[in-house]
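Asks: I'd like to go over a predicted model; first the sequence, then the structure.
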Amino acid sequence: MRIVRPLSLVPTVLLAVLLGGGTWIVGAELGAFGVGAGLGAVSALVVLGMGARRPFRRWRLAQRNLPASHRRWLRVHVPLYRRLDAEGRAAFERDVRFARAEYSFEGVRGVTVTETLRLSVAAGIAMLLHGRPEWELPGSRSVLFYPERFDDTYHDTRTASYDGMAHPQGPILLTVSSVEAAWARPDAGSNVVLHELAHLFDFDNEGPDGVPSLVDPGSAPDWQALVRAEMRRVRAGRSLLRPYAAEAPSEFFAVAVEHFFEQPDAMARRHRDLFRALAAFFRLDPRTGTVLGEGPVALDERGEDASVPRPAVD
């Protein structure tokens, strides 16, 4: 997550130029050159000021340190954070601060939103974006915490089965127990926070189809073919991914993201093509915390990084 995103500044600057210049031209046409120029300048400055609010807030947040208690929580519960070097940890902590400040967190039906709950979601956001600092997570910036599982009507009935839910335009819904369980065993390959956040990448298309919206359109057919092949492995019981991954392509992607970040070594060994695809998408190798460049990830026959020489064995 960058402090300043150049692409987001372009429309702001264009709007400032158009509004300011238009006001100046109108003033000149009416014979009030000085007034038009003054109003045009004020209009442009207002637009630029509004566009600079988020970068300025992020700049201020970037000057602060993450509380020691938050860093301890990250060390215990987020293996990726432990694998990062000092520079990587600083960037991860900064992204956590950004997410904590920019997302709203609310409790439903008596839930008290604790710092741990906020940090649990912010850490998930930082994980997904660590290798892609130019990205912002698509979708809503509102998170609701429920006390118990809920159903399609968001009530805790006897048939309630949802631990989390994400909407294209609405908030992210999570149950307190599922969030706590997600980070209690960060190597289990089951993390409701990562699961629901991963869905947001899928919603930016025409509908949830298992193809992340930020995938190069030219590679979408290859991605879909890979998903179909991997879903067949899930149904046949020959996959590292849990059975829920075979429910739909959208669920496959979300479950695959959970395993990618929480069981990267096993995925690299057993699902080399899937691991490479996700590593290229997130531009990250979660086994080492290495941020990757452009191009495919090279793995040898054992699923290990082929770019790293191994010592010879006599």
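Replies: Perfect, I can see it now.
Asks: what does the average pLDDT come to for stretch 183-199?
Replies: The average pLDDT for stretch 183-199 rounds to 94.
Asks: What residues sit buried inside that stretch?
Replies: 183, 186, 189-199 (16 or more other CB atoms under 10 Å). Backbone N, C-alpha and C define where each C-beta goes, glycine included.
Asks: Please produce JSON lines containing these, extended by distance to Arg238.
Replies: What follows is these, written out as JSON lines (distance: CB to CB, whole Å):
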{"residue": "Trp183", "distance to Arg238": "29"}
{"residue": "Pro186", "distance to Arg238": "25"}
{"residue": "Gly189", "distance to Arg238": "16"}
{"residue": "Ser190", "distance to Arg238": "19"}
{"residue": "Asn191", "distance to Arg238": "23"}
{"residue": "Val192", "distance to Arg238": "25"}
{"residue": "Val193", "distance to Arg238": "28"}
{"residue": "Leu194", "distance to Arg238": "23"}
{"residue": "His195", "distance to Arg238": "22"}
{"residue": "Glu196", "distance to Arg238": "27"}
{"residue": "Leu197", "distance to Arg238": "28"}
{"residue": "Ala198", "distance to Arg238": "23"}
{"residue": "His199", "distance to Arg238": "25"}
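Asks: Report the two of the residues you listed separated the most.
Replies: Pro186 and His199 (19.7 Å; CB to CB).
Asks: For Pro168, which residues are in contact?
Replies: Contact analysis of Pro168 by CB atoms under 8 Å, 6 or more residues apart in numbering lists Gly139, Phe203.
Asks: Please tell me how far it sits from Asp152.
Replies: As judged by CB to CB, to the nearest Å, Pro168 and Asp152 stand 16 Å apart.
Asks: Out of the buried residues of stretch 183-199, which is nearest to Val113?
Replies: Val193 (14.3 Å).
Asks: for the residue lying closest to the closest one once chain neighbours are set aside, helix, strand, or coil?
Replies: Residue nearest to Val193 in three dimensions, not counting chain neighbours: Gly124, with 3.9 Å by CB to CB, 6 or more residues apart in numbering. At Gly124 the chain is in helix, as set by DSSP: H, G, I helix; E, B strand; the rest coil.
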